[in-house]
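Colleague: Sequence isn't available, so here's the structure alone:
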């Protein structure tokens with residue numbers, strides 16, 4: 001993700017500085033653009049880390065994925081006897 005953000009920032013800089021020539025390419029602008037790029041990338045990464053979804057107990061509860069070898073989530077321990085035929089059918093199916 002950082003790579004994509006950095007590349008898109010560099011393309012934007014190329015467009016503004018060299019293609020359209022909207023800013024003079026001198027030392028002051030070079031320093032400002034470099035600092036702005038670092039602040040932008042770090043800010044986006046921090047915002048992404050702050051606003052991500054999370055769980056405090058890290059428990060997976062859901063249906064088994066189609067084609068998976070093991071049951072997922074709570075079914076792995078609570079319904080082991082009921083899932084035994086399902087698991088055997090899955091393990092005996094030929095691989096594609």
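Modeller: Here it is on my side, so go on. Note that the coordinates shown come from a computational prediction; the quantities given were computed from them, not determined experimentally.
Colleague: From here on, just use CA atoms for contacts and neighbour counts.
Modeller: Will do.
Colleague: contacting residues around the helix or strand harbouring residue 33?
Modeller: Remark: residue 33 resides in helix 27-50, with elements defined by DSSP states H and E. For helix 27-50, contacts defined as CA atoms under 8 Å, 6 or more residues apart in numbering pick out 2, 5-6, 9, 23.
Colleague: Quick check: buried residues in it?
Modeller: 37, 41 (16 or more other CA atoms under 10 Å).
Colleague: Could you list which of the contacts of helix 27-50 belong to strands?
Modeller: Among these, no member falls in strands (DSSP state E).
Colleague: May I see the buried residues of stretch 5-16?
Modeller: Neighbour count says stretch 5-16 has 9, 13 buried, by 16+ other CA under 10 Å.
Colleague: Contacts for it next, please.
Modeller: 21-23, 37, 41.
Colleague: Adding distance to residue 47 and pLDDT, write those out as CSV.
Modeller: Below are the contacts of stretch 5-16 laid out as CSV (distance: CA to CA, whole Å; pLDDT from 0 to 100):
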residue, distance to residue 47, pLDDT
21, 31, 90
22, 30, 91
23, 29, 87
37, 15, 92
41, 10, 90
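Colleague: okay, these in TSV with distance to residue 48 next?
Modeller: Formatted as TSV, those follow (distance: CA to CA, whole Å):
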residue	distance to residue 48
21	32
22	31
23	30
37	16
41	11
